[in-house]
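Asker: take this sequence and fold it.
(2 chains)
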Amino acid sequence: MSKKVLLIGWDGADWKIIHSLIDQGLLPNLEQLINQGVSGKLATLDPPYSPILWTSIATGKRAPQHGILGFHELTPDGQHIRPVLSHSRQCKAIWNILSQKKMATHLVGWWPSHPAEPINGIAVSNFFHRASSTTHAHWEVDPHAIHPKTAASHFAALRIHPSELTPAHLYPFFPLLKHMTRNYGKAIQKVRQVLAETASLQAIFTNILRTQTWNFASVYFDGIDRICHDFMNYHPPKLAHIPQQEYELFQEVVTGIYRFHDMMLGSVMQLAGDEATILLVSDHGFKSDQLRLRKVSYEPAGIAYEHSQHGIFVAKGPLLKKDQLVHGATLLDITPTLLHLFDLPIGHDMEGVPLLSIFEAPKTPTYIPSWEDVANDQQEQKSDDFAMDSSQSKHLLQQLIDLGYVEPLPENQALALQQTKQFCDTNLARAYFDGGQLLEATALFEQIYAQSPDAPWIAFRLAVCYQMLARHQDCRALLTQLKDSHYYQSWLLSTVEASLLMGEGRYQEAISILDTIDFPETGHLAAIHVQVAQCYAKLGQREQVKAQLEQALAIDPDYAEAHQALGIWYFNQQQYSMALDHLLQAIGLDYQLATCHYYIGRSSLALGKYEAAADALKMTLLISPQNNHARELLAHTLKTALHRPTEAAQVLQAYQKYLQGTIMVVSGLPRSGTSMMMQMLEAGGIPIYTDHKRAADPSNSQGYYEHEAVKKIIYNQHWLADTKSKAVKIVAPLITHLPYNYRYKVIFMQRPLSAIYDSQMRMLARLGKEADYFSLPLMEQLEQQLKRSQEWMTRHPSLEVLYVPYQEVLQTPLEWAIKIAEFLQQPLAPLAMSHRIDPSLQHEQSTPPIKPFKQHQL
Amino acid sequence: MDALLNGFITKDGLPIAVPVEGSLGLLAIGDVGLLAWRSKLKQHMAQAAQQLPSDKSQPQS
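Answerer: Numbering: from 1, shown residues only, chains lettered A, B, ... in the order given. Next comes the predicted model:
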């Protein structure tokens, strides 16, 4: 495959703005790149901070794995603060891997890349081009900012000092420059600085391309992001709160920076030639139009709220498709794709996947466990001589503060250290949360919150964790505190509280809260209607669901989530054609909605359109590869409906990769002995997942061992992360809602249906409720439930089941305790388990069932 | 440096102009554009410096 690849990074570049400028004919080079290659959205990660995101792009890993946690960090001794460095990265980046494969590799301006690493080519760090003096004459070169050091003076001459720029450079940004008074000096200086730094990197990068041998060269520009943070509110269309005069002066700045980047792209495309593959990416998008924020949240690096969820991905090259869209790409996929372009194996420890759909003739990717295990002579040469002294560190930190990335640090050193640590820890917790490691995120947020109870943004995130883990009381306590702090707008807290009430099954109360929200911005109205619709769905008020979703669409006909929800509504009504209408509209508006593709797949299956279903399920997996349910459904469709068993087997190969651990489940019909089994497991030494809410009673003298969250499994499955290494009781009718991203060991209690039915009736009678001992429909219902659950378990690819006959356990408890321990592969105490059997149960068992209606032996 | 710039043409197929005051287009070209502009600027400054003594030699009115 191609051996010449360019990776160009445009921080903050956004499709919405790009499409608008292309329509005006203002970005001809990018338009050409798009038309000659593939393009699509690139999903970002959280937290949305540039050093973290660009390191994920360059490593294929998330922050907990790559170790970059912000803009600045504590030194290893914890006594000082420094900007994040290339040394802070805990794994190899693409340039390290390619260098060790002897590829000619060059790196310009990547964040973070200081000190410059000793790669097999030229490395220019992210501090090389930042002017540290008032004039060019006194602008020194930091020897650690470039590799090899001998190249320092050559490339230093290609740097442009802001003072060099003339009005001719600034007019495209400020057409009314001549009329601008000194009051606008700061705004002009910002553009001047961005322009000088961007042009410096372009001069260095083009010089490398012209004068050096290269297999891989990458450059990172932060100009678009910086300009958008300062000037997006002045970009057309005019916002009501922006003064007319300022709008007229600044309305061309954002357009100007995009046009400049397009011109630079044109030059690089010309230098690279047609034989090179060019990848252009951004780490996130930027909110524009009506989505622009009037007020930025006051929390560390709160300006990142101006970012939007999708960056850009454009790629052109001899092996790539032409004028095609690519879907489902994420930042994590860039490094695996680059490795694949170079015919190199991808590390199994990289979360991303190669974007095979961009290739005309995709090859099967190869894998190794990890590039970290591959010996690297060059890596050993890593600049051990580098130690940033405190004055240099302060100077570089000040640059980051001046650029607006870092808040000014407090004078008090201890406080500054504490704030920095808190910022990094918070980012790590957010990254855990974003990566689905909910327990790790919760534990870390709890730790940070204990140290900083006055940081409402921590409390808010912790409250969301609690809500997802079904820790409703903890969530409510935090929400109450947050309301008192008046930090967040009340409508935002109300939406979280409504989610909490929904989690607790209090849907009517959730609706009441949502109905009374006083909205500050109409942009949120449609979303609230969708949330109200979700409540009505839980209440079984179908027509209200539809009415709310239609109201949402009346407010915003382009609200993809509302189309998706209405599509799912029609799906649930078994109106599959209508479902497809709305679901297809939704993906037309936002192709990244994985749930939408999933329901398109299921609707197509229901309509007997098996090829379309397979395509939609494949797309689901492309966007959301961890969706093992879609994987199972796709494999089943390929095997049984489309008669492609080999392909089905290939699809299932990835199944194991996305399993997050093993969960021990005790299941069976209610009154089949599930509580008894939970008692045995507890006695054997297995922790139990229970909230002890349902107290013991005469029907279950030892307690029920249940958890409220289990009852809501249909709507919230995040709490399952909290059940690892524990036993959880999930009755048979709910077991089919277990998600496909875990491995399960299920102990399924068996008892004759007539005995179960009889026991249920006895229980009702004890509760003073009417018990119908002769109901044939109820008996059949039980039988159906059992059949459904067992069929589902048989089909589940990562579920093992041990059927345990209730009566036999009562008769030979020790024998069964040993069998259970073997099945669970846990060091249990079988004797203690067997002693836990309540002898009175044997007595009850010996009592003949009251008026047995029909014998069902399982 | 001008020779290097020959490879670059405008959208209309015209050679790139190098104005003394510089241009965004030259910066976008990269090293070649930058050096061409600096060279032009240097040349201009040198010419201006040459003109300065002769200006001074003019009799003052």
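Asker: what sits closest to the residue of chain B found nearest chain A if chain neighbours are left out?
Answerer: Residue of chain B nearest chain A, by Cβ to the nearest Cβ: B:Gly30 (2.7 Å). No exception for glycine: its C-beta is placed from N, CA and C like everyone else's. Spatial nearest neighbour of B:Gly30, chain neighbours left out: A:Thr206 (2.7 Å); criterion: Cβ to Cβ, 6 or more residues apart in numbering or on different chains.
Asker: tally of neighbours for that neighbour?
Answerer: 25 (other Cβ atoms under 10 Å in any protein chain shown).
Asker: surely A:Lys639 touches A:Ala648?
Answerer: Yes. Using Cβ atoms under 8 Å, A:Lys639 and A:Ala648 qualify as a contacting pair, with a distance of 3.9 Å.
Asker: can you check which helix is longest in the chain?
Answerer: Since no chain was named, I'll use chain A. Longest helix of chain A, by residue count under DSSP state H: helix A:185-211.
Asker: right idea, wrong chain: chain B
Answerer: helix B:31-57.
Asker: is it true that A:Ser725 touches A:Gly685?
Answerer: No. Applying Cβ under 8 Å as the test, A:Ser725 and A:Gly685 come out as separate, 11.0 Å apart.
Asker: any idea how many residues pack against the residue nearest to A:Glu504 when sequence neighbours are not counted?
Answerer: Using Cβ to Cβ, 6+ apart and skipping residues adjacent in sequence, the residue nearest A:Glu504 is A:His472, 5.1 Å away. For A:His472, the neighbour count with other Cβ under 10 Å is 19.
Asker: and if you look at the one 4 residues further on?
Answerer: A:Arg476 sits with 17 neighbouring residues when counted by other Cβ under 10 Å.
Asker: can you tell me the helix or strand for it?
Answerer: In this assignment (DSSP states H and E), A:Arg476 forms part of helix A:472-485.
Asker: may I see the buried residues of the helix or strand just after that helix?
Answerer: Counting by DSSP H and E, the next helix or strand C-terminal to helix A:472-485 is helix A:490-503. By 16 or more other Cβ atoms under 10 Å in any protein chain shown, the buried positions in helix A:490-503 come out as A:491-503.
Asker: tilt between the helix or strand following helix A:490-503 and helix A:490-503?
Answerer: The element immediately downstream of helix A:490-503 (helix or strand, assigned by DSSP H and E) is helix A:507-515. Angle, helix A:507-515 to helix A:490-503, by axes from the mean of the first three to the mean of the last three Cα atoms, to 10 degrees: 170 degrees.
Asker: name the helices or strands packed onto helix A:507-515?
Answerer: Counting contacts by 3 or more Cβ pairs under 8 Å, 6 or more residues apart in numbering or on different chains; DSSP states H and E, helix A:507-515 packs against helix A:490-503, helix A:525-538.
Asker: for the last one, give the mean pLDDT please.
Answerer: The reference is to helix A:525-538. Computed over helix A:525-538, the mean pLDDT rounds to 90.
Asker: ok, residues contacting that helix?
Answerer: With Cβ atoms under 8 Å, 6 or more residues apart in numbering or on different chains as the test, helix A:525-538 has contacts from A:495, A:498-499, A:502, A:505, A:507-508, A:510-511, A:514-515, A:517, A:519, A:542, A:544-546, A:548-549, A:551-553, A:555-556, A:559, A:561-562, A:565, A:569, A:715.
Asker: can I have the buried ones of the residues you listed as a PyMOL selection?
Answerer: Entered in PyMOL, the line below selects the buried ones among those, by 16+ other Cβ under 10 Å:
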select buried, chain A and resi 495+498+499+502+505+507+510+511+514+517+544+545+546+548+549+551+552+553+556+559+561+562+565+569
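Asker: ok, and what's touching the helix holding A:Arg476?
Answerer: Here helix A:472-485 has contacts from A:456, A:459-460, A:462-463, A:466-467, A:488, A:490, A:493, A:496-497, A:500, A:503-504, A:708, using Cβ under 8 Å, 6+ apart.
Asker: cool, stretch A:501-515 as well?
Answerer: The contact list for stretch A:501-515 (Cβ under 8 Å, 6+ apart) reads A:467, A:470, A:472, A:494-495, A:497-499, A:528, A:531-532, A:534-536, A:538-539, A:708, A:711-712, A:715-716.
Asker: contact residues of chain A facing chain B?
Answerer: Residues of chain A lying close to chain B (Cβ under 8 Å from any Cβ of the partner chain) are A:28, A:158, A:160, A:165-169, A:172, A:195, A:199, A:202-207, A:210, A:259-260, A:263-264, A:266-268, A:270-271.
Asker: and the residues you listed, which are buried?
Answerer: Counted by 16+ other Cβ under 10 Å, the residues of chain A next to chain B give A:158, A:160, A:165, A:168-169, A:172, A:195, A:199, A:202-207, A:259-260, A:263-264, A:266-268, A:271 as buried.
Asker: tell me the secondary structure for A:Ala450?
Answerer: helix (DSSP: H, G, I helix; E, B strand; the rest coil).
Asker: per-residue confidence for it?
Answerer: Reported pLDDT for A:Ala450: 94.
Asker: neighbours around it, how many?
Answerer: 9.
Asker: quick one: contacts for it?
Answerer: A:Ala450 neighbours (Cβ under 8 Å, 6+ apart): none.
Asker: give me the distance between it and chain B.
Answerer: 51 Å (Cβ to the nearest Cβ, to the nearest Å).
Asker: A:Lys726 too?
Answerer: Here the criterion is Cβ to the nearest Cβ. By it, A:Lys726 lies 60 Å from chain B.
Asker: who's in contact with that residue?
Answerer: Going by Cβ under 8 Å, 6+ apart, A:Lys726 touches A:Met664, A:Ile686, A:Pro687, A:Ile688, A:Tyr689.
Asker: closest to A:Ala414 out of these?
Answerer: A:Pro687 (39.5 Å; Cβ to Cβ).
Asker: where's that closest one relative to A:Tyr705, distance?
Answerer: Counting by Cβ to Cβ, to the nearest Å, the gap from A:Pro687 to A:Tyr705 is 11 Å.
Asker: more neighbours: those two, which one.
Answerer: Neighbour tally, A:Pro687 and A:Tyr705, criterion other Cβ under 10 Å: the higher count belongs to A:Tyr705, 24 against 13.
Asker: kindly list the main-chain dihedrals of the more buried one?
Answerer: phi 60, psi 40 (degrees, to the nearest 10).
Asker: give me the residue from chain A nearest chain B.
Answerer: Shortest chain A-to-chain B distance, computed as Cβ to the nearest Cβ: residue-wise this is A:Thr206, at 2.7 Å.
Asker: I'd say that residue and B:Ile29 touch.
Answerer: Yes. Contact criterion Cβ under 8 Å: A:Thr206 and B:Ile29 qualify, at 7.2 Å.
Asker: now for the two: what residues contact both?
Answerer: Common neighbours of A:Thr206 and B:Ile29, using Cβ under 8 Å, 6+ apart, are A:Ser267.
Asker: which of the three states applies to residue 17?
Answerer: Reading this off chain A. Secondary structure assignment for A:Ile17 (three-state DSSP): helix.
Asker: could you measure from it over to A:Phe260?
Answerer: Relative to A:Phe260, and taking Cβ to Cβ, A:Ile17 is found at 14 Å.
Asker: with A:Thr59 instead?
Answerer: Relative to A:Phe260, A:Thr59 is positioned 29 Å away (criterion: Cβ to Cβ).
Asker: poorly predicted segments of the chain, please.
Answerer: I'll assume chain A. Residues of chain A meeting the criterion pLDDT under 70: A:1-2, A:295-298, A:301, A:377-387, A:486-489, A:519-523, A:699, A:769-776, A:839, A:841-858.
Asker: not what I meant, chain B
Answerer: In chain B (pLDDT under 70), the answer is B:1-13, B:53-61.
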